[in-house]
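Undergrad: Quick check, what structure comes out for this input:
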Amino acid sequence: MNIELIKGDITRVEADAVVNAANSSLLGGGGVDGAIHRAGGGAILEECKAIRNRQGKCRTGEAVVTTGGNLPAKYVIHTVGPVWDNDAKKSSELLANCYKNSLKLAESLGVKTIAFPNISTGVYRFPKELAGKIAVEEVKNFTSDMIEKVIFVCFDDENEEIYKTLLE
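TA: Purely as a prediction, here's the structure:
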């Protein structure tokens, strides 16, 4: 699997799937979640509502899929990252599950390229260095015959520098 790093807007990335750092309601919110819902249009929200009607909220560390709507991606994989609560062990396991479950779901969909944001590092206050380490580790440890490229999309300079160092 090739790993690529870019700084930019995940809603403009050309990939088979983009990952959304969603909240458990799946109804959109701030940060990456709000941006994906705004850029992707109403089809994403409608599918999120259908998922909620079927299974209830999305639990932390789990992942579900919708259409990409108006995004350049075919799919949006919504995963709920943990809110940092100073329990590093529990929070780290939950964040690792976000990456594992998103990758497994992508593979089941036949995705060749997938783009990840910096999950939980915004309003959920997960320490950026630790979050980056977990993200890179989970992607590197995931073996797939299907997924050819993973793109880490950093929105800010700080995350970009952290990922550059981790990927050297």
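
Undergrad: Next, give phi and psi for Leu166.
TA: phi -70, psi -30 (degrees, to the nearest 10).

Undergrad: Can you report how many residues lie near it?
TA: 17 (other Cβ atoms under 10 Å). No exception for glycine: its C-beta is placed from N, CA and C like everyone else's.

Undergrad: now it: how far from Ile6?
TA: 15 Å (Cβ to Cβ, to the nearest Å).

Undergrad: State the three-state secondary structure for Thr79.
TA: Of the three states, Thr79 takes strand under DSSP: H, G, I helix; E, B strand; the rest coil.

Undergrad: One more: the one 10 residues further on?
TA: Secondary structure for Lys89, judged by three-state DSSP, is helix.

Undergrad: Numbering from 740 from now on, please.
TA: Yep, numbering from 740; the last one is Lys828 now.

Undergrad: Can you give me the neighbour number for Glu907?
TA: For Glu907, using other Cβ under 10 Å, the count is 5.

Undergrad: Check Asn741 too.
TA: With other Cβ under 10 Å as criterion, Asn741 counts 9.
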